[in-house]
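Asks: Using only what follows, build the 3D model:
(one chain, ligands or ions: 2)
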Amino acid sequence: MALQLHPLHPLFAAEAFGIDLTQPLADEDRKQINAAMNKYGVLVWRGQPLTEPQQVAFAKSFGPLDIGLKKLFNRPERLSDERLIDISNVDAQGNVSKRDSPKNLSNFANQLWHSDSSFQDPRAAYSLLHAVVLPSSGGNTEFADLRAAYDALEADLKAECATLSAEHFALHTRILLGDDAYTDAQKKAIPPATWPLVHTHPGSGRKLLFVGVHARQVIGWPVSESRVFLSDLLEHATQRPFVYAHQWRVGDTVMWDNRATLHRGRRFPISERRELRRTTVDFTPEAMLEAAA
Ligand code: OGA
Ligand code: MN
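Replies: Ligands and ions are numbered 1, 2, ... in the order given. Reported below is the predicted structural model:
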């Protein structure tokens, strides 16, 4: 059965049907999904619970997987495969983490608008987040379309941003959240990455405004001026008309393009269990993605 799409928002994001994510992905289906990703930036698959190996296998069809910040920490893991990123508030023993645990710190960082791994080169292309256990309320994930954000910029800002780049740093969000006890080795483990504020999304040919909370400085600008400017741009990019809010159900998989969208988690009762798992595809498989065009 071929891929079918049902738009979820006037600007981007669609619900996807017609492909069984638990089965090996046919080349034709992969191409159709890539083409849909290029158009919509976010695809939502409902009602398909995935085992851990099934999630890894499906994600791997789109390119090599990366574990992002997990590289910095040597923490005991709950999940069976190191390529799975545990987006939960549950510790290695299966208990809900304490309020001030490192696990919750990561979750709070995920509640700031970001593009996964924009602090490293290569950064992320697709992320796939799968819902396993959900809290009784809250905990949506919101997405913002950076192509729409660019389109809506005033002409003078478009021109100015086109000349600028920003430095993104892995620990910036953690430091913002009051966690700065990192060793020099950890600070240096992922060197900052620099990205132009405006660039062209390879899959759609549309220009986009590449901001997000990992960006800590505009290259060549003072830190203070940079941060105010970056925060203004982020506010612009995440205006409600550019946002799709995903309300999770168990068995959902949301797949997004980190090159065209930002996302953030939303608050939920912290003593309740919330378990999702993520797989992230490196921004390397352009040749593979291109096959879909
Ligand atoms: C992520 C992320 C947000 C959430 O998994 O990359 O940012 O809602 N998650 O958990
Ligand atoms: Mn994320």
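Asks: Please pull up the helix or strand immediately following the helix or strand harbouring residue 30.
Replies: Using DSSP states H and E, residue 30 sits in helix 27-40. Using DSSP H and E, the next helix or strand after helix 27-40 towards the C-terminus is strand 42-45.
Asks: and residue 34, how many neighbours?
Replies: Using other CB atoms under 10 Å, the number of residues around residue 34 comes to 23. No exception for glycine: its C-beta is placed from N, CA and C like everyone else's.
Asks: any idea how far it is from residue 102?
Replies: 35 Å (CB to CB, to the nearest Å).
Asks: Which pLDDT value goes with residue 122?
Replies: On pLDDT, residue 122 comes in at 89.
Asks: hang on, isn't residue 262 packed against residue 212?
Replies: Yes: at 5.2 Å, residue 262 and residue 212 qualify as touching, with contact defined as CB atoms under 8 Å.
Asks: hmm, back to that, can you give me the buried ones in the helix holding residue 30?
Replies: 29-40 (16 or more other CB atoms under 10 Å).
Asks: Is it correct that residue 166 falls within a strand?
Replies: Yes: the assignment for residue 166 is a strand, going by DSSP: H, G, I helix; E, B strand; the rest coil.
Asks: what pairs with it across the strands?
Replies: Note on residue 166: beta-bridge partners residue 195, residue 218, judged by DSSP bridges.
Asks: Could you report the neighbour count for it?
Replies: Neighbour tally, residue 166, other CB under 10 Å: 26.
Asks: quick one, what contacts it?
Replies: Neighbouring residues of residue 166 by CB atoms under 8 Å, 6 or more residues apart in numbering: 194-195, 197, 210-211, 215-219, 226, 230.
Asks: Using JSON lines, please lay out the residues you listed together with neighbour count.
Replies: Listed next are the contacts of residue 166 as JSON lines, based on neighbours: other CB atoms under 10 Å:
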{"residue": "194", "neighbour count": "12"}
{"residue": "195", "neighbour count": "22"}
{"residue": "197", "neighbour count": "23"}
{"residue": "210", "neighbour count": "28"}
{"residue": "211", "neighbour count": "30"}
{"residue": "215", "neighbour count": "30"}
{"residue": "216", "neighbour count": "20"}
{"residue": "217", "neighbour count": "22"}
{"residue": "218", "neighbour count": "20"}
{"residue": "219", "neighbour count": "13"}
{"residue": "226", "neighbour count": "19"}
{"residue": "230", "neighbour count": "21"}
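Asks: follow-up on the earlier one: specify which member of the buried residues of helix 27-40 is nearest to residue 251.
Replies: residue 33 (18.2 Å; CB to CB).
Asks: Against residue 4, how distant is that closest one?
Replies: With CB to CB as the criterion, residue 33 and residue 4 are 12 Å apart.
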